[in-house]
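*Asks:* Predicted model and sequence follow; I will ask about them next.
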Amino acid sequence: MAVLVCWRGPALAARLPWRRLLVLSYATALAWTLSLALVDGWQRGIAGRLTTRHEYLHEVPGVTDIPVMLGTFTTRILDFQPDSWTTHVSGHPPGALLVFVWLDRVGLGGGGWAGTLCILTAALTAVAVPYTVRLLGTDDAARAVLPFAALFPGAVWSGVVRRRPVRRGDRHRRRCWRTASPGAARSARSAAALLGFGCYLSYGLVLMVPIAVAVVILGHRHRFTAGWAGVRRSWWARSRSPASTG
């Protein structure tokens, strides 16, 4: 997989249509992560990773009431107590455990489904990173980063444990920063909810907040500048009108 991506990846990234390229990037990241995990076979490499006594799935059968679990979660974090959580559950916020509880309740319980979900989610890095680079930078930069994102080295860890791309164009520069479309507002709310829930998956993801803030600032700086320029032009026009001068 690595040799194939290094050999053909840059050329394909330079010429394929953007949507097809993102699909190919996701499929490549998925195949790359699976190939690394399956070195140890299906059971040991994927299905059995989250079922040991130190992992999340060990606690799933004991969660019979989610509100009660959330209300008493912090009381069970301290180790070596009669009812303390397992290592991985106590070392993370309750969101990660909730994901596997929900997965079990919709009939997809067990290590195979849990490991597959982790891999399917982790492979989205190969879409999210180039999408963000294209949104805030240039199309060429996003295409250049795609082969690297598809072979993300973090796949060694992540393998076992979003609307049409928007072009930066004149249409967006002319739009006032205060007049966001309903679709953009929904996307912003969804992104905020996802980031908020992400903080409940891992304490380390809180460190992503400054990066998200930087992305928002860079993404909306030109809109704010355009909006402020419009306000100044409007004020100048009113101040120079005959009614105001009279």
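*Replies:* Looks like it came in fine.

*Asks:* got any ranges where this structure has weak pLDDT?
*Replies:* 159-184, 219-246 (pLDDT under 70).

*Asks:* quick check: domain ranges of it?
*Replies:* 2-167, 169-246 (automatic domain parsing).

*Asks:* just those domains: most buried one?
*Replies:* Mean neighbours per residue, mean count of other Cβ atoms under 10 Å, is largest over the domains of the chain for domain 2-167, with a mean of 16. Where you see a C-beta, it was placed from the backbone N, CA and C, and this is true even at glycine.

*Asks:* What distance do you get for residue 57 to residue 47?
*Replies:* 10 Å (Cβ to Cβ, to the nearest Å).

*Asks:* okay, and the common contacts of the two?
*Replies:* Common neighbours of residue 57 and residue 47 (criterion: Cβ atoms under 8 Å, 6 or more residues apart in numbering): 110, 111.

*Asks:* tell me which element the residue nearest in space to the middle of the chain is part of?
*Replies:* By Cα atoms, centre = their mean, the chain has its centre lying nearest to residue 128, at 6.4 Å. Using DSSP states H and E, residue 128 sits within helix 125-136.

*Asks:* Next SSE downstream of that helix?
*Replies:* From helix 125-136, the next helix or strand downstream (DSSP H and E) is helix 139-150.

*Asks:* so what does that next one touch, helix or strand wise?
*Replies:* Applying 3 or more Cβ pairs under 8 Å, 6 or more residues apart in numbering; DSSP states H and E, one finds that helix 139-150 contacts helix 2-15, helix 18-37, helix 125-136.

*Asks:* can you list the residues that contact that helix?
*Replies:* Under Cβ under 8 Å, 6+ apart, the answer for helix 139-150 is 5-6, 9-10, 13-14, 18, 21, 25, 28-29, 32, 125-126, 129-131, 133-134, 167.

*Asks:* repeat that for 6 Å
*Replies:* 5, 9-10, 13-14, 25, 28-29, 126, 129-130, 133-134 (Cβ atoms under 6 Å, 6 or more residues apart in numbering).

*Asks:* Could you find the closest non-adjacent residue to residue 122?
*Replies:* Leaving out its chain neighbours, the residue that sits closest to residue 122 by Cβ to Cβ, 6 or more residues apart in numbering is residue 158, at 3.5 Å.

*Asks:* Roughly how far does that neighbour sit from residue 117?
*Replies:* Distance from residue 158 to residue 117, by Cβ to Cβ: 11 Å.

*Asks:* Ok, residue 33 next?
*Replies:* The value you get for residue 33 to residue 117, if Cβ to Cβ is used, is 12 Å.

*Asks:* Then residue 101?
*Replies:* With distances taken as Cβ to Cβ, residue 101 is found 13 Å from residue 117.

*Asks:* you'd agree residue 136 is up against residue 218?
*Replies:* Yes: look at residue 136 against residue 218 with Cβ atoms under 6 Å: they come within range, at 5.2 Å.

*Asks:* what are the ranges of the helices in this structure?
*Replies:* Along the chain, the stretches classed as helices by DSSP state H are 2-15, 18-37, 41-42, 66-71, 87-90, 94-105, 111-122, 125-136, 139-150, 155-158, 170-174, 182-198, 208-240, 242-245.

*Asks:* Same list, those, but as a markdown table with distance to residue 77 please.
*Replies:* What follows is the helices of the chain, written out as a markdown table (distance: least, Cβ to Cβ, whole Å):
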| stretch | distance to residue 77 |
| --- | --- |
| helix 2-15 | 40 |
| helix 18-37 | 29 |
| helix 41-42 | 33 |
| helix 66-71 | 13 |
| helix 87-90 | 5 |
| helix 94-105 | 10 |
| helix 111-122 | 22 |
| helix 125-136 | 29 |
| helix 139-150 | 35 |
| helix 155-158 | 23 |
| helix 170-174 | 46 |
| helix 182-198 | 20 |
| helix 208-240 | 22 |
| helix 242-245 | 65 |
